[in-house]
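Enquirer: Curious how this folds, go ahead:
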Amino acid sequence: MSTVQHITKNTAVLYAAYIIAAILGLVLIIYVARILGDVTYGKFTFAIVFTGFFGIVTNLGMNEIIIREVARDKSKASKYLGNVAILRIILSAIVFALIVIVINLLNYPPDIVVAVYIFGVYTIITSLANIFRVTFRAFERMEYEASVNVLERVITTSLGLLVLFMGFGLIELACVFLIASITNLFLSYLLCAGKFARPKFEIDLGFWKETIKVAIPFSLSNTFLLIYVRIDIVMLSVMKGDAVVGWYNAAYNLVLSFEPIVFVFMAALFPIMSRFYISSEESLRVVYEKSFKYLVLLGLPISVGGMVLASRIIPFLFGGLFANSIVALQILIWNCLLLSMCRPMLYLLGSINRQGSMALISGIGALINVGLNLLLIPRWSYIGAGITTLVTGTLVTIASWYVASKYFYTLPIHKIMANPLIASIIMGAIVYWLTQTTTMNLLWLIVLGAVLYLILLYLTRAFSKDDIDLLKQIIKPSW
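Expert: Here you go, the predicted model:
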């Protein structure tokens, strides 16, 4: 099997799992919002986001280190698994204590406090499961991760809907997530130990010290990225209340459903990019450029189409109670394009051992985000939070491109984006005209927009000979 076919296989199984998980997750989120209402939905969102910040501490950047180092040398897997597992258990105890202290200092009502406790345990269990799931990526066998992820989402959605239809609320829903995460941990460990490597549990302080030293920039980068992506939820909760969080997050959840598309694609490429940095920088350059191009080809029309169709999408999914989410979606949807542009650059920096630069860029972005939110949320509420997200994402993308150009290769962004931009603008204009002059069904508008965009890509020759050759390698039989 060629490298291209190997990448395609890993990406395909993860995408198949993601599509199933995304549909199930969207169904659950829609019913949570519709049944529990904007206020309780805001509480639910806050509890997940709040505990998610503490999850960064338990990860400590080790996931990326396991992927990168084990991808380069599979014999290191047992040592990394055992040492990181013990270290993560110790950090988890500290993290849960911090969650308890901080949420009580903030004086939230009892139902939110209990939900935060449960989601805190859920975050810790998920962090432990991730040790074994990232090992699947390091061995480039993503089908195992895909299977576990789908099963977890099936459990979460089925039990979650059951809880909602039986009339239960926030606390019971949080327990559903906890049950699913425990199942994930159990299966991930069994698959990892049985198929790839059994953890060698030990306390090697020298190994810990050296690994933490290398991993800290990854941890800082992840922390800063999470801050500038999700701190707005916490700040809106404190400044504007639960209903505003519900409106904002209804739109943001639709945008964030695109993020796994980028993540899955880059997760499949990251082990290979790490190997190419050692063996073939020219191959790494090709992977970097092509990953940027293909993600932009997807993210750009979604941003344009989402802005045009926001007034149809929000009522269709969430109902009239979330009418305020329309403007939020029209702003936040452009984050799909920014994610498509920025993530290949950040993954490249990680693969070429420039994780310190990743941390610096993400840190500056986090500071800007917090500052702008403090300035704009009191005046413009969730609209200000949306504007802050776009401004921060734009600045982080520009900085990432500059650093990647300095240390590796300068992407010709204007050449890559020219044809997709033309196709997206024309597609968006036609779809907008149809929304104003016809009563065409939303789903038909989406299908028509997608077909029109593909035709325009063909007419503008957005795909080069290299792209066609890659497609031939993908569909060529591997036997």
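
Enquirer: Tell me the buried residues in the helix or strand where His414 lies?
Expert: Using DSSP states H and E, His414 falls within helix 413-437. Neighbour counts over helix 413-437 (16 or more other Cβ atoms under 10 Å) mark 416-417, 419-421, 423-424, 426-428, 430-432, 434-435 as buried. Where C-beta positions appear, they are placed from N, C-alpha and C, glycine not excepted.

Enquirer: likewise stretch 59-77?
Expert: 59-71, 77.

Enquirer: Including pLDDT, could those residues go into CSV?
Expert: CSV is the format used below for those (pLDDT from 0 to 100):
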residue, pLDDT
Asn59, 76
Leu60, 74
Gly61, 74
Met62, 79
Asn63, 78
Glu64, 78
Ile65, 80
Ile66, 80
Ile67, 80
Arg68, 77
Glu69, 79
Val70, 82
Ala71, 78
Ala77, 84
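
Enquirer: So which of these belong to helices?
Expert: Residues of the buried residues of stretch 59-77 located in helices (DSSP state H): Asn59, Met62, Asn63, Glu64, Ile65, Ile66, Ile67, Arg68, Glu69, Val70, Ala71, Ala77.

Enquirer: Could I get the contacting residues of the last one?
Expert: Neighbouring residues of Ala77 by Cβ atoms under 8 Å, 6 or more residues apart in numbering: Val70, Thr135, Ala138, Phe139, Phe196, Ala197.

Enquirer: try it again with 10 Å
Expert: Ala77 makes contacts with 66, 69-71, 135, 138-139, 192, 196-200, as judged by Cβ atoms under 10 Å, 6 or more residues apart in numbering.

Enquirer: Nearest to Ile35 among the buried residues of helix 413-437?
Expert: Proximity to Ile35 was ranked across the buried residues of helix 413-437 by Cβ to Cβ; first place goes to Thr435, at 29.1 Å.

Enquirer: Just confirm the closest one contacts Ile313, I think it does.
Expert: No: Thr435 is beyond contact range of Ile313, at 11.1 Å (criterion: Cβ atoms under 10 Å).

Enquirer: Find residues that contact each of the two.
Expert: Common neighbours of Thr435 and Ile313 (criterion: Cβ under 10 Å, 6+ apart): Leu442, Leu445.

Enquirer: picking that back up, same list (the contacts of Ala77) but as JSON lines, adding distance to Gly365.
Expert: JSON lines is the format used below for those (distance: Cβ to Cβ, whole Å):
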{"residue": "Ile66", "distance to Gly365": "25"}
{"residue": "Glu69", "distance to Gly365": "27"}
{"residue": "Val70", "distance to Gly365": "29"}
{"residue": "Ala71", "distance to Gly365": "27"}
{"residue": "Thr135", "distance to Gly365": "30"}
{"residue": "Ala138", "distance to Gly365": "28"}
{"residue": "Phe139", "distance to Gly365": "32"}
{"residue": "Cys192", "distance to Gly365": "33"}
{"residue": "Phe196", "distance to Gly365": "35"}
{"residue": "Ala197", "distance to Gly365": "35"}
{"residue": "Arg198", "distance to Gly365": "39"}
{"residue": "Pro199", "distance to Gly365": "35"}
{"residue": "Lys200", "distance to Gly365": "38"}
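
Enquirer: which one of those residues is nearest Ser237?
Expert: Distances from Ser237 to these, taken as Cβ to Cβ, are shortest for Ile66 (33.4 Å).

Enquirer: Surely that closest one is in contact with Gly82?
Expert: No: counting by Cβ under 10 Å, Ile66 sits too far from Gly82 to count as a contact (11.5 Å).

Enquirer: Name the residues contacting each of the two.
Expert: Common contact partners of Ile66 and Gly82 (Cβ under 10 Å, 6+ apart): Ile131.

Enquirer: and the gap between Phe258 and Lys293?
Expert: With distances taken as Cβ to Cβ, to the nearest Å, Phe258 is found 17 Å from Lys293.

Enquirer: ditto for Gly160
Expert: 38 Å.

Enquirer: What of Phe265?
Expert: From Phe265 to Lys293 the distance is 12 Å (Cβ to Cβ).

Enquirer: what touches both of the two?
Expert: Ser340, Pro344.

Enquirer: lowest confidence element among the helices and strands of this structure?
Expert: Counting by mean pLDDT, DSSP states H and E, the chain has its least confident helix or strand at helix 465-475, which shows a mean of 58.

Enquirer: Per-residue pLDDT of the nearest residue to Ala193 once chain neighbours are set aside, please?
Expert: Among residues not flanking Ala193 along the chain, Pro199 sits closest, at 7.0 Å (Cβ to Cβ, 6 or more residues apart in numbering). pLDDT for Pro199: 84.

Enquirer: Can you tell me the SS state at Asn353?
Expert: Assigned with DSSP: H, G, I helix; E, B strand; the rest coil, Asn353 falls in the coil class.

Enquirer: The nearest residue to it once chain neighbours are set aside and Arg312: what is the separation?
Expert: Spatial nearest neighbour of Asn353, chain neighbours left out: Tyr277 (7.5 Å); criterion: Cβ to Cβ, 6+ apart. Separation of Tyr277 from Arg312 (Cβ to Cβ): 45 Å.

Enquirer: Over to Ser237?
Expert: In terms of Cβ to Cβ, Ser237 sits 28 Å off from Arg312.

Enquirer: Show me which of these two is the more surrounded one.
Expert: Ser237 (24 against 17; other Cβ atoms under 10 Å).

Enquirer: what about the helices in the stretch 101-250 of the chain?
Expert: Secondary structure of the stretch 101-250 of the chain by DSSP state H, counting those that start in this stretch: the helices cover 110-138, 142-165, 170-195, 205-240, 242-256.

Enquirer: Looking at the ones you listed, which is nearest to Lys406?
Expert: helix 205-240 (16.7 Å).

Enquirer: Give the full set of residues in contact with the nearest residue to Met427 once chain neighbours are set aside.
Expert: Nearest non-adjacent residue to Met427, counting by Cβ to Cβ, 6+ apart: Tyr453, 4.5 Å away. Applying Cβ under 10 Å, 6+ apart, we find Tyr453 in contact with 297, 300-302, 304-305, 420, 423-424, 426-428, 430-431, 462.

Enquirer: Hmm, Ala146 and Ser188 touching each other?
Expert: No: with contact defined as Cβ under 10 Å, Ser188 does not reach Ala146; the gap is 12.0 Å.

Enquirer: list the residues that contact both of the two?
Expert: Here Ser188 and Ala146 have Phe136 as joint contacts, going by Cβ under 10 Å, 6+ apart.

Enquirer: Any chance of JSON lines for the ones in helices among the buried residues of stretch 59-77, columns distance to Ser325?
Expert: Formatted as JSON lines, these follow (distance: Cβ to Cβ, whole Å):
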{"residue": "Asn59", "distance to Ser325": "31"}
{"residue": "Met62", "distance to Ser325": "36"}
{"residue": "Asn63", "distance to Ser325": "32"}
{"residue": "Glu64", "distance to Ser325": "34"}
{"residue": "Ile65", "distance to Ser325": "38"}
{"residue": "Ile66", "distance to Ser325": "38"}
{"residue": "Ile67", "distance to Ser325": "36"}
{"residue": "Arg68", "distance to Ser325": "39"}
{"residue": "Glu69", "distance to Ser325": "43"}
{"residue": "Val70", "distance to Ser325": "42"}
{"residue": "Ala71", "distance to Ser325": "40"}
{"residue": "Ala77", "distance to Ser325": "44"}
